[in-house]
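Colleague: build me a structure from this.
(2 chains)
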Amino acid sequence: MKHKKAKNLFFISLICLAVIFFFKSAFSINFFLDDFFFLKVGHASTIIEFLQFFNPNKDYFYRPIPTEVFYYILGLAHYNLFFAHSLVFCIYFVGLVYLFKSIYLVTKNKLFSYLSVFLFSIHLTRVFQLYQLATFIEIALFSFLTISFFYYLKNKYIVSSIFFILALMSKETAVLFPLLLCTYELTKHYIENHKITFNIKLLKSNKARIGMMYGLFALFFVVLYKLGVSNVTTIDTYRIQLNSRLILNNSMWYTLWVFGFPNFLPVYMTSIFSPPLPEFWKILKTHEASMYFYSLLLFYSLFIPTFFLMIWYKRKEIINHILLIVVFLFLHLLFIAPTLPIIHRWMVRLTVPSVFISILQAMVIYFAIKKSAVTRGIAVCLIILYISYNFYGIKVHESSSLFFLESRIVSNATTYFSNHNDSIQNRNNIYFLETKPSSWGGSKKLKVSLHDQSFLNYYFPQKQMKVIYESDSIPAPILLPNTYVVESDDIIEGRN
Amino acid sequence: MKNKEEKVIAIIYFACFVFGCFLVFYMYKKANPLIKKHAVKPTPIGAIPLAQVQKVRPTVSIDRKPIIVGFFYADKNLYDRTGIIHNNLSLISNDGEFVPNIFHVKKDELLVLTLQNKGSYHDLNIPDYGIHTHALASDKELTIVFSATQSGKLEFYSQTKLRKEPAIKGTLIVE
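Modeller: Now for the predicted structure:
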């Protein structure tokens, strides 16, 4: 027993080490963009202020755990970046452990569970969840849901519902969890009995009552979210548009992304049926991008035949296998469904959906491992190619996500404000002067990177100040008394 | 029987792998074309028909690395607008809007500006070059070729039924 536990711990530690190796650059990322807003709202000096974190009546999304509470904890650690990123990684590792435990509990197959967790853990889309601290929302949602699911499988419903509530306090997508449970129960019932029978007794069963309880929790939180969302949806890019073309387009790109395609591909494709724009080929001149695309292509050139071989060899249980594939694709689409009718498309939302696709991919690779000597060799190639395309894909997405650029701008700002602290502290306003010509957009860019007025609370917590950006067409600083003038490009370019 | 089956599987995999290698080779060739250098006279200022554009396009030299980040940044918040200036220039947007871009080009360098239109109506305005286009219909592409004779502004408007707003603003600097 002890030996088994040590073996489990060894494999899980290996996966965690692989994650740290693949995403090590995350530890150098500074606070930027939304982080400044969360740093501002995650500040409390009394218990009453702390309890206010959980008040749903706000003009932004109701996600108190990964926003206000998380940033409050960071404040206790004096905003130490290494601590902040380590905390995100630790919560992610907890999520991975519970994901492993859940898959093992359902399948009773250790190799398959390890494989699924490994494929999921190093997926290139994790760049968007592990690098920016503000996207801890996604990590929290994933970890709380997996813990909740594990305890649900263990029939420990009270613990499960506590983590479900924590997930609901992390992101709105958690309201779909009862549907996941329902799909799981129906699929399990069908695979065990080879049919689905509806009986009135089923509604009176313990599982049904538990399901109802989860549903009621979800409904209650939907009402809470309504308070915040009504203010957010007025932003154009987040406005819900029931346009079938947009929904189809988003579903397609989210699905391609989760299968490993790059986030910038939609920009180069006028249509999925036409070749990419000529600019696309230039990307392949960089070493990382070419290695990423070539590995990805080779991976699918072996993965697709393996998938069909699996279908062919499992033809006696074809219905079960097709059902599983459909269920995984359905669950993937279910968890991205809330974001399909909005224009804003972002890879960060693929944390939970990619769990199902990783399990699907693991199913195919596991089949190859078990089938024969030839397919076992192919499985090894598949795993190597998967590691390769994700390794290079992570490097490409580190660039395309612009996280390093944003982090660098904020680091420059930190140095600048530190060097000129005495002069700035004597003034009431900071004026960001437009630098012409500016390659990154001057004060307009700074307004985004520093989240408008939000950064003041972080850099000058004791002082009441106002920031003015020239891009807002505010009159020249000469007309504004007591103003400290900063040339925008001094911060953007790091001229301190 | 089992041996025969194994052989069939191996052949299928081999065929698929060869196909994968062919795709990789195709992508490699596309990414690294053999560029023939032609001596081309700079095109006169102003828009020219698309047919002529097709003839001059291969002569445009590609010597700088593309900015991958720029394109994604544009996509981060924009669903249906893509603006790409060929010949080493790219447009970068900033949280839903394109930020002013500075494009440094050599004097008399040939520029090919391609507007990809998906969804709404777009029109282009390059006042310093006297270029004004009419609204470009949905799902169409417009290519304009001009030589960089002077520094000037580039403005690309997005037009819907309700409003017309500048989607891309750029500045061309002739060195």
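Colleague: I'd say residue A:130 and residue A:90 touch.
Modeller: No. Using C-beta atoms under 8 Å, residue A:130 is not in contact with residue A:90, being 11.6 Å away. (Each C-beta comes from the backbone N, C-alpha and C, glycine too.)
Colleague: so these two - more neighbours on which side?
Modeller: Neighbours were counted for residue A:130 and for residue A:90 using other C-beta atoms under 10 Å in any protein chain shown; residue A:130 has more, 25 against 13.
Colleague: distance check, the more buried one against residue A:29.
Modeller: Residue A:130 sits 9 Å away from residue A:29, going by C-beta to C-beta, to the nearest Å.
Colleague: for the residue in chain A that chain B sits nearest to, which non-adjacent residue is spatially closest?
Modeller: Using C-beta to the nearest C-beta, the closest approach of chain A to chain B is made by residue A:301 at 2.6 Å. Distances taken as C-beta to C-beta, 6 or more residues apart in numbering or on different chains put residue B:20 closest to residue A:301, at 2.6 Å, once the chain neighbours are dropped.
Colleague: can you check residue A:300 too?
Modeller: residue B:20 (7.4 Å).
Colleague: tell me the contacts of that neighbour?
Modeller: By C-beta atoms under 8 Å, 6 or more residues apart in numbering or on different chains, the contact set of residue B:20 is A:297-298, A:300-302.
Colleague: recalculate using a threshold of 7 Å.
Modeller: Residue B:20 is in contact with A:297-298, A:301, counting by C-beta atoms under 7 Å, 6 or more residues apart in numbering or on different chains.
Colleague: and residue A:207, by the same measure?
Modeller: Residue A:207 touches residue A:185, counting by C-beta under 7 Å, 6+ apart.
Colleague: model confidence over the helix or strand hosting it, on average?
Modeller: Per DSSP states H and E: residue A:207 is located in helix A:206-232. The average pLDDT within helix A:206-232 is 82.
Colleague: same question, stretch A:266-280
Modeller: For stretch A:266-280, the per-residue pLDDT averages 76.
Colleague: please apply the same query to stretch A:38-48.
Modeller: What stretch A:38-48 shows for mean pLDDT is 88.
Colleague: quick one: buried residues of that stretch?
Modeller: Residues A:38-44 are the ones in stretch A:38-48 that count as buried (16 or more other C-beta atoms under 10 Å in any protein chain shown).
Colleague: closest one of those residues to residue A:66?
Modeller: Comparing the buried residues of stretch A:38-48 against residue A:66 with C-beta to C-beta places residue A:38 closest, at 8.7 Å.
Colleague: does residue B:6 touch residue A:375 like I think?
Modeller: No. If you go by C-beta atoms under 7 Å, residue B:6 and residue A:375 don't touch, sitting 9.0 Å apart.
Colleague: identify each buried residue in the helix holding residue A:207, please.
Modeller: Those would be A:210-211, A:214-215, A:217-218, A:221, A:224-225, A:228-229, for helix A:206-232 by 16+ other C-beta under 10 Å.
Colleague: distance to chain B for the residues you listed - can I get that in TSV?
Modeller: Putting the buried residues of helix A:206-232 into TSV (distance: C-beta to the nearest C-beta, whole Å) gives the following:
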residue	distance to chain B
A:210	40
A:211	37
A:214	34
A:215	33
A:217	33
A:218	29
A:221	27
A:224	27
A:225	22
A:228	20
A:229	19
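Colleague: mean confidence for the one helix or strand the residue of chain A closest to chain B maps to?
Modeller: Residue A:301 is part of helix A:287-313 when elements are defined by DSSP H and E. Average pLDDT, helix A:287-313: 92.
Colleague: let's verify the closest residue to residue A:412 other than its chain neighbours: helix, strand, or coil?
Modeller: Nearest residue to residue A:412 in three dimensions, chain neighbours excluded: residue A:494, at 4.2 Å (C-beta to C-beta, 6+ apart). Following DSSP: H, G, I helix; E, B strand; the rest coil, the label given to residue A:494 is coil.
Colleague: pretty sure residue A:494 is in contact with residue A:414, am I right?
Modeller: No. Under the criterion of C-beta under 7 Å, residue A:494 is not in contact with residue A:414, lying 10.8 Å apart.
Colleague: could I get the pLDDT score of residue B:21?
Modeller: Residue B:21 is assigned 92 on the pLDDT scale.
Colleague: how many residues are close by the residue lying closest to residue A:367 once chain neighbours are set aside?
Modeller: Leaving out its chain neighbours, the residue that sits closest to residue A:367 by C-beta to C-beta, 6+ apart is residue A:310, at 4.3 Å. By other C-beta under 10 Å, 20 other residues sit near residue A:310.
Colleague: again with residue A:278
Modeller: 16.
Colleague: roughly how far apart are it and residue B:26?
Modeller: Residue A:278 is 15 Å from residue B:26, by C-beta to C-beta.
Colleague: one more: residue A:355?
Modeller: 33 Å.
Colleague: and what of residue A:459?
Modeller: Using C-beta to C-beta, one obtains 51 Å as the distance from residue A:459 to residue B:26.
Colleague: got it, and residue A:242?
Modeller: Taking C-beta to C-beta as the measure, residue A:242 falls 39 Å from residue B:26.
Colleague: please apply the same query to residue A:443.
Modeller: 45 Å.
Colleague: next one: residue A:117
Modeller: Taken as C-beta to C-beta, the span from residue A:117 to residue B:26 is 35 Å.
Colleague: more neighbours, the two?
Modeller: Comparing residue A:117 with residue B:26 by neighbour count (other C-beta under 10 Å), the higher total belongs to residue A:117, at 27 against 11.
Colleague: contacts only, for the more buried one.
Modeller: Per C-beta under 7 Å, 6+ apart, neighbours of residue A:117: A:15, A:96, A:99-100, A:103.
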